[in-house]
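Asker: Predicted model and sequence below, questions to follow.
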Amino acid sequence: MADITLQRVYDFHGPAQQYCYLTDRLWPRGISKERLQGVVWLKEVAPETELRQWFHHHTDQWDTFAASYRQQLEASEHWKELLEIVQQGHSLTLLFGSKDVHHNQAVVLRDFLHEKLHEKLLEKLNT
């Protein structure tokens, strides 16, 4: 199974390898476009503005944020490109801007993709 690596965008130093994605809705402050050359910005896969702003003020409610973001992902198609990349055996890097490396949208997205990959493998085994 391919790896899905998470990295804080402020710790990232290019050049970007293939399949490197910025998962924030907003461009990270103080980061130039040149510094992230080769990184694909998937702002459509990020939590919607209302949820992002809510979580910024309620960081103690991680489980609620994660569940809400998962619902947004389920209702979207934007993550499917990432799943296809992983299914093909490629490694994927998800960049995020949050200071909290354990509680951010990239963590939820990674876990969501792992679950979807697992579901696909089970489907394949059952056919």
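Answerer: Looks like it arrived, so ask away.

Asker: any chance you could map the strands in this structure?
Answerer: Ranges of strands in the chain, per DSSP state E, are 4-8, 20-22, 40-41, 92-96.

Asker: Now render the ones you listed as JSON lines, adding mean pLDDT.
Answerer: Formatted as JSON lines, those follow (pLDDT from 0 to 100):
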{"stretch": "strand 4-8", "mean pLDDT": "96"}
{"stretch": "strand 20-22", "mean pLDDT": "97"}
{"stretch": "strand 40-41", "mean pLDDT": "96"}
{"stretch": "strand 92-96", "mean pLDDT": "97"}
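
Asker: Just give the number of residues close to Y19.
Answerer: By the criterion of other CB atoms under 10 Å, Y19 has 20 neighbours. For every residue, glycine as well, the C-beta is placed using N, CA and C.

Asker: about what we covered before: Serialize the strands of the chain to CSV and add fields for distance to K124 and mean neighbour count.
Answerer: Putting the strands of the chain into CSV (distance: least, CB to CB, whole Å; neighbours: other CB atoms under 10 Å) gives the following:
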stretch, distance to K124, mean neighbour count
strand 4-8, 19, 17
strand 20-22, 25, 22
strand 40-41, 27, 15
strand 92-96, 20, 23
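
Asker: looking at the ones you listed, which is closest to L113?
Answerer: strand 4-8 (6.1 Å; CB to CB).

Asker: And the closest one, what does it pack against?
Answerer: Applying 3 or more CB pairs under 8 Å, 6 or more residues apart in numbering; DSSP states H and E, we find strand 4-8 packed against strand 92-96, helix 105-125.
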